[in-house]
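**Q** Whatever this is, show me its structure:
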Amino acid sequence: MALLDGLRVVEFSRLLAAPLCGLQLAHLGADVIKVESPAGDDTRHFPPYLEDAESGWFALANRGKRGVVLDLTDADAVAAARRLIAGADIVVENLGGALDRFGIVYERERSPELVWCSITGLGAGRGGRAVDPSLQARIGLMATTGESGGPPLRVQAPTIDVLTGMYATQAVLCALWQRERGDGGAFLDCAMLDAAATLMGPVAVLALGGHLEPGRIGSEGYLVAPSAIFGASDGKHVQLIAFTERQWRAICVALRKPDWVEDARFADNAARLANRSLLHDQLAAILATGTAQHWVATIGAAGAVCEHVRDVGEAWRDPLLAERGLLTAVGLPAMSLARTGTVAQLGRAPRLGEHTAAVLAETTLG
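**A** Residues are numbered from 1 along each chain as shown. Take a look at the predicted model:
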């Protein structure tokens, strides 16, 4: 039996952060009802497209949900939305003031057991617009991404969206535990800004503590050396890093440079940071003499950390991802909710409005 079997989530969402929260709750067994406008979630129109012309992006974040279309400019649709909320255990929404304009708001007096998770860019009631790239700019992530002397760069993975969805899920589960203890439901103010600040905290502490102003240093690290990407003899690259002195000694053994352990220029991390350019140049010369696979195997066997820099396609063909259950087909012909252990195995994402009639019939609205 999955953890949230028997619980209902009503999700008023678009784009990524809130749909990912709903997706995680669906994986935990909840019945997730995704409410969309007649135009649908914006991501329904994002490429790539599956064989049935549905968006792969939309399918990624909305698998296993039931789809309902409500035109909230219509009074009957607003009444239907309120009835859905009245029968829900959890509401997840990221439409900001749009729901407020239609009078769909959190009311503890009316629904004291309801957990309402509001996901916004800058915080509930703050206004303003924010998306993942804009928050990368605002929180300093872009300022630390790129090569020294080059322009700020965006991280292509929607890191802040994903982290926000994870934090929102954690908050919902905590609120459900609060309800289970008899303390009622809760309103959860989950801002993407909060997730962005948490993501950048380990870097920000360097600046706020007066240690240094983090800037763009490419693939190198602020606090440890070596930490960089190096070319191999086969044209591929490896990432090499030593977080501890034990790992540094292992690198010296693997590269057959035991004298580096006693070399005053490399004797400890502080010395290696002070002589980072020299160290990285010497490492680059050695690593250029062997293939990427050779160094990954040799340095790994010695007890240090060295990894291929893989293309995305190559990385996601790694059989370990499938073994860990991290891959799923998103174009399944029918929706299924087969349970394995405590996690629900989800079928495809809903077609636009696919379950409107069935869900509204369940609420006795017809």
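
**Q** neighbours of the closest residue to T291 other than its chain neighbours, just the number please.
**A** Spatial nearest neighbour of T291, excluding adjacent residues (Cβ to Cβ, 6 or more residues apart in numbering): D234 at 4.4 Å. No exception for glycine: its C-beta is placed from N, CA and C like everyone else's. Per other Cβ atoms under 10 Å, the neighbour tally for D234 reads 11.

**Q** Please settle this for me: is D234 part of a helix?
**A** No - counting by DSSP: H, G, I helix; E, B strand; the rest coil, D234 is located in no helix; its state is coil.

**Q** So what does it have for phi and psi?
**A** phi -90, psi 10 (degrees, to the nearest 10).

**Q** residues contacting it?
**A** For D234, the residues meeting the contact criterion (Cβ atoms under 8 Å, 6 or more residues apart in numbering) are 291-293.

**Q** buried stuff in stretch 352-360?
**A** Buried residues in stretch 352-360, counting neighbours by 16 or more other Cβ atoms under 10 Å, are found at 352, 354-356, 359-360.

**Q** what about the residue nearest to T291, distance to A292?
**A** 6 Å (Cβ to Cβ, to the nearest Å).

**Q** One more: P48?
**A** In terms of Cβ to Cβ, P48 sits 29 Å off from A292.

**Q** likewise E323?
**A** For E323, the distance to A292 - Cβ to Cβ - is 23 Å.

**Q** Need the contact partners of stretch 151-168.
**A** So stretch 151-168 is contacted by 15-21, 23-24, 92, 117, 119, 132-133, 135-137, 139, 141-143, 145-146, 188, 190-192, 194-196, 198-199, 216 (Cβ under 8 Å, 6+ apart).

**Q** Inside strands: which ones of the residues you listed?
**A** Among the contacts of stretch 151-168, the members found in strands (DSSP state E) are 92, 117, 119, 188, 190-191.

**Q** Would you reformat those residues as JSON lines and include neighbour count, pLDDT and distance to G40?
**A** Listed next are these as JSON lines, based on neighbours: other Cβ atoms under 10 Å; pLDDT from 0 to 100; distance: Cβ to Cβ, whole Å:
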{"residue": "V92", "neighbour count": "30", "pLDDT": "98", "distance to G40": "17"}
{"residue": "C117", "neighbour count": "26", "pLDDT": "97", "distance to G40": "22"}
{"residue": "I119", "neighbour count": "29", "pLDDT": "96", "distance to G40": "19"}
{"residue": "L188", "neighbour count": "22", "pLDDT": "97", "distance to G40": "26"}
{"residue": "C190", "neighbour count": "25", "pLDDT": "96", "distance to G40": "23"}
{"residue": "A191", "neighbour count": "21", "pLDDT": "96", "distance to G40": "25"}
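
**Q** got JSON lines for the residues you listed, with distance to A242 too?
**A** Below are these laid out as JSON lines (distance: Cβ to Cβ, whole Å):
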{"residue": "V92", "distance to A242": "42"}
{"residue": "C117", "distance to A242": "41"}
{"residue": "I119", "distance to A242": "39"}
{"residue": "L188", "distance to A242": "41"}
{"residue": "C190", "distance to A242": "37"}
{"residue": "A191", "distance to A242": "36"}
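
**Q** with these in mind, which one is nearest to G150?
**A** A191 (30.4 Å; Cβ to Cβ).

**Q** and the nearest residue to the closest one once chain neighbours are set aside, helix, strand or coil?
**A** Using Cβ to Cβ, 6+ apart and skipping the chain neighbours, the partner closest in space to A191 is G123 (4.2 Å). When classified by three-state DSSP, G123 comes out as coil.

**Q** I'd say G123 and A195 touch.
**A** No - judged on Cβ atoms under 8 Å, G123 makes no contact with A195 at a distance of 11.6 Å.
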